[in-house]
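K.L.:
Predicted model and sequence below, questions to follow.
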Amino acid sequence: MVEGRCNCSSVIFAIDIEPKDIFVCHCSICRRWTGNSGVAVIIVPKDKFRWMTGEEQVMCWTKPDADWQSWFCRTCGSALPGANDDLNMFVPAGLIKSNTANLRIAHHIWVGSKASWDEISGDAKLHLEEFQN
């Protein structure tokens, strides 16, 4: 089991698998969401994810002009896990508090819209747009 939490620990969640791959999204929406070069997330099946405490603290914001939502803690504002698609959750990698030894950046997505100052290094696969199996 992997555990994660927000900055104030109001929201705690568990993942019942050991994730390995991190996806880093470099799109402009994720840059504005984080104030950084993008967001690093792991993708987990919804049936392997569970809220331990604080689910009532989870807030969601939907971007009006895009198919995009963000979830965050109403107390501390930390980015939180949310629906990636019908079957999967995305989990911001920085929230993971345990069993991180095997995590690695495996994919950089939306590289075609990365910031001019963003420098990508390492041997992860680059995708100009969304991840394609």
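P.N.:
Looks like it came in fine.

K.L.:
Which residue, neighbours along the chain excluded, lies closest to residue 130?
P.N.:
Nearest non-adjacent residue to residue 130, counting by C-beta to C-beta, 6 or more residues apart in numbering: residue 109, 5.8 Å away. In short, each C-beta sits where N, CA and C put it, glycine included.

K.L.:
so that neighbour bridges to which residues?
P.N.:
Counting by DSSP bridges, residue 109 forms beta bridges with residue 25.

K.L.:
Look up phi and psi at residue 70.
P.N.:
Main-chain dihedrals, residue 70, degrees, to the nearest 10: phi -130, psi 150.

K.L.:
OK, contacts around it?
P.N.:
33, 60-61, 63, 79, 82 (C-beta atoms under 8 Å, 6 or more residues apart in numbering).

K.L.:
now residue 17
P.N.:
Counted by C-beta under 8 Å, 6+ apart, residue 17 has contacts 2, 44-45, 48.

K.L.:
redo that, cut-off 7 Å
P.N.:
44, 48 (C-beta atoms under 7 Å, 6 or more residues apart in numbering).

K.L.:
Now for this structure, the helix or strand with the poorest mean pLDDT.
P.N.:
helix 28-34 (a mean of 89; mean pLDDT, DSSP states H and E).

K.L.:
Could you point out the helix or strand that follows it?
P.N.:
Toward the C-terminal end, the helix or strand that comes next after helix 28-34 (DSSP states H and E) is strand 39-45.

K.L.:
Strands along the chain, start to end?
P.N.:
With DSSP state E as the criterion, the chain has strands at 2-5, 12-15, 21-25, 39-45, 49-53, 58-62, 69-73, 79-80, 82-83, 88-92, 104-109, 125-126.

K.L.:
Residue 114: neighbouring residues, count only.
P.N.:
22 (other C-beta atoms under 10 Å).

K.L.:
Please tell me how far the residue sitting furthest away from the middle of the chain sits from residue 28.
P.N.:
The outermost residue of the chain, judged against the average C-alpha position, is residue 116 (22.1 Å), by C-alpha atoms, centre = their mean. Distance of residue 116 to residue 28, computed by C-beta to C-beta, to the nearest Å: 12 Å.

K.L.:
With that, I have no additional questions.
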